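Participant: heads up, no residue letters with this:
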C-alpha cells in the first residue's frame, strides 16, 4: 500500500509515476540512439577476418532477460520492497541516474566503436583495439548500459523475483558474449589485450 509522503510537495504515487515516465522516456531515447547509429554508421573498410556465431546465444539470453523482468511485474507505481520515505526517494534518484546514464553510455560506446560494432562477435582485417572514451572505464560499456536499463526497468516495474531472475539470465548471456568476444580479441592482440584487461574491468567498474 502506498503511503503519502509528509515532507515532500507531492505524493508517493506521483513520485513513482514520474520515475516510470522517465524510464519509459529513456527506452525511447535508447531505441532512437540505436536506430540513428545503425542508419548512419560507416561500413567497414576491410573484410571480416574471423567471427564467433556462438555469441548470438549470449545476445538471445540478454534479450530474454528483459522479457523476464517485464513478465513478472508488480502493481504499477508501487515499491519493489517496503522502504521508508528517504530510501524510496534515494532509490528513485538511482533509477533515474541508471536510465539516463545508460542511454548516454551506450550512445557514446556506439560512437566510439563505429564500423567495428557488430551483433556477432568478430574481428575485421586491420581491426583496432579500442581503449579510449568509455572503453577506458569498462571493456564492454554497451553491456554496462544494457545492465543499467535492465535494473532501472526492473526497479520500477518488476517483482523482486522477476528482477532477480532477469539479472541471472542477463549475466549468463553477458558472460557468453564476453568470453566469445575476448577470445577473438586475445587471439588478435595478444599481450596488448591482456594488459588492457588487467587495467580495465569488464562490465561493472571496480567490481568485475
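Facilitator: Received it, and whenever you're ready, just let me know what you need. All values derive from a computational prediction rather than experimental measurement.
Participant: Let me see the backbone angles for the nearest residue to residue 15 once chain neighbours are set aside.
Facilitator: Of all residues not flanking residue 15 in the chain, residue 92 sits nearest, at 5.9 Å (C-beta to C-beta, 6 or more residues apart in numbering). For glycine as for every other residue, the C-beta is placed from the backbone atoms N, C-alpha and C. Main-chain torsions, residue 92, degrees, to the nearest 10: phi -60, psi -40.
Participant: List the residues that contact residue 92.
Facilitator: For residue 92, the contacting residues are 15, 16, 19, by C-beta atoms under 8 Å, 6 or more residues apart in numbering.
Participant: How many neighbouring residues does the residue nearest to the second one when sequence neighbours are not counted have?
Facilitator: In this case it means residue 16. With sequence-adjacent residues excluded and distances taken as C-beta to C-beta, 6+ apart, residue 16 is closest to residue 77, at 3.9 Å. Residue 77 has 18 neighbours, counted by other C-beta atoms under 10 Å.
Participant: Which secondary structure state does residue 77 sit in?
Facilitator: coil (DSSP: H, G, I helix; E, B strand; the rest coil).
Participant: any idea how far it is from residue 150?
Facilitator: 20 Å (C-beta to C-beta, to the nearest Å).
Participant: Name the residue closest to the centre of the chain, please.
Facilitator: The chain has residue 146 as the residue nearest its centroid, 1.4 Å off, counting by C-alpha atoms, centre = their mean.
Participant: Just checking, which helix or strand of the protein averages the lowest pLDDT?
Facilitator: In the chain, the helix or strand scored least confidently by mean pLDDT, DSSP states H and E is strand 48-52, which has a mean of 86.
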